[in-house]
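Undergrad: Mind folding the following:
(one chain, ligands or ions: 2)
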Amino acid sequence: MRLVVVGAAGRMGRMLIKTVAETEGCRLVGAIEREGSHALGQDAGVLAGLSPLGVSVTADPLPVFAKADGVLDFTSPAASVSFAGLAAQARIVHVIGTTGLQDDDFTRLEAAARHARIIQSGNMSMGVNLLAGLVRKVAATLGEDFDIEILEMHHRMKVDAPSGTALLLGEAAAEGRKISLKEHSVRSRDGHTGARNAGDIGFATLRGGSVVGDHSVIFAGTGERLELSHRAEDRSIFARGAVKAALWGFDKKPGLYTMADVLGLNDL
Ligand SMILES: NC(=O)C1=CN([C@@H]2O[C@H](COP(=O)(O)OP(=O)(O)OC[C@H]3O[C@@H](n4cnc5c(N)ncnc54)[C@H](OP(=O)(O)O)[C@@H]3O)[C@@H](O)[C@H]2O)C=CC1
Ligand SMILES: O=C(O)C1=N[C@H](C(=O)O)C[C@H](O)C1
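TA: Ligands and ions are numbered 1, 2, ... in the order given. Model (predicted):
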């Protein structure tokens, strides 16, 4: 499969280049960064700490998308929405790992998915997607007398909060409880907040150092507490998931898919 990495100079971009180069059946045919980036003109392999791959980083996605089968995109919400339009035009698979997407971004992705195969997830790892299934089950089993709190910690450079993974786990908990996350989420607490409302799903965010991604879902009852956690130790877990998603999407119909579709975890 011929793949393009957009946001090629980013933390995930460089890991994706390495993963594509190491994956049998995949070939890197393009690497995109934005206009003005220090990476433009560099060899993508060298950028990722490998031997040269013969692919130069450019700022012009259209000609690159035209000769590709798929694009791996861990950039920013505005960039991902714009790449979705181009990927739909080129009729190629678009794997989106970007987080911080808002409702109107999703509306645009849904429109693009009428023509493109888009696989979007706030976390591309097997562990987190499995955890989401477990959280849904536990939330469905335990009643409202168990309070749900989601705690996440990431590196100091992360720009969005709560993390995409925390929101994905929150959605899983809300689905288990058959409630709307939007109507029951508490994203921050400060000052005299009053007592906790039964049924709320709380989020707490920590930022610091080089933490790749830690998430815990805490079910706090009276006299006992159940915690389900995932620790990402290396960004390769996300990159491997993204490449797997692209390969999975190769022969699928246009639509907006998730990693649960890719990993066959929908029945969990
Ligand atoms: N779903 C998942 O499994 C995971 C998701 N993520 C998400 O992926 C995203 C990126 O994370 P990370 O790699 O750490 O961030 P970085 O900031 O290191 O990388 C993002 C890259 O995208 C580039 N970029 C932004 N806009 C454009 C554009 N219009 N055209 C081309 N390139 C562009 C940035 O360039 P510049 O620096 O010039 O802005 C930067 O090089 C985040 O939203 C993060 O939350 C991260 C890990 C796993
Ligand atoms: O920005 C990151 O680094 C990560 N972002 C994703 C998120 O927002 O959940 C996934 C992972 O935890 C790393």
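
Undergrad: Just give the closest residue to A161, not the sequence neighbours.
TA: Among residues not flanking A161 along the chain, T205 sits closest, at 4.4 Å (CB to CB, 6 or more residues apart in numbering). C-beta coordinates here come from the backbone N, C-alpha and C atoms, glycine included.

Undergrad: For whichever residue of the stretch 151-268 of the chain sits closest to ligand 2, grab phi and psi.
TA: Here the stretch 151-268 of the chain gets closest to ligand 2 at one residue, G213, 2.8 Å apart by CB to the nearest ligand atom. Here is the backbone geometry of G213 (degrees, to the nearest 10): phi 160, psi 110.

Undergrad: right, and D261 touches R117 too?
TA: No - the pair D261 / R117 is not scored as a contact, 10.6 Å apart, by CB atoms under 8 Å.

Undergrad: Out of the two, name the residue with the larger neighbour count.
TA: R117 (25 against 17; other CB atoms under 10 Å).

Undergrad: Contact residues of the stretch 101-250 of the chain facing ligand 2?
TA: Residues of the stretch 101-250 of the chain that fall close to ligand 2, judged by CB under 6 Å from any ligand atom: 122-123, 154, 158, 163-165, 213, 232.

Undergrad: just those residues now: which is nearest S37?
TA: Of all those, S37 sits closest to K158, with 19.9 Å by CB to CB.

Undergrad: To what extent is the closest one buried, counted in neighbours?
TA: Counted with other CB under 10 Å, K158 comes out at 18.

Undergrad: Let me know the secondary structure of the residue of the chain positioned farthest from its centre.
TA: In the chain, counting by CA atoms, centre = their mean, G223 sits farthest out from the average C-alpha position, at 35.0 Å. With DSSP: H, G, I helix; E, B strand; the rest coil as the basis, G223 sits in coil.
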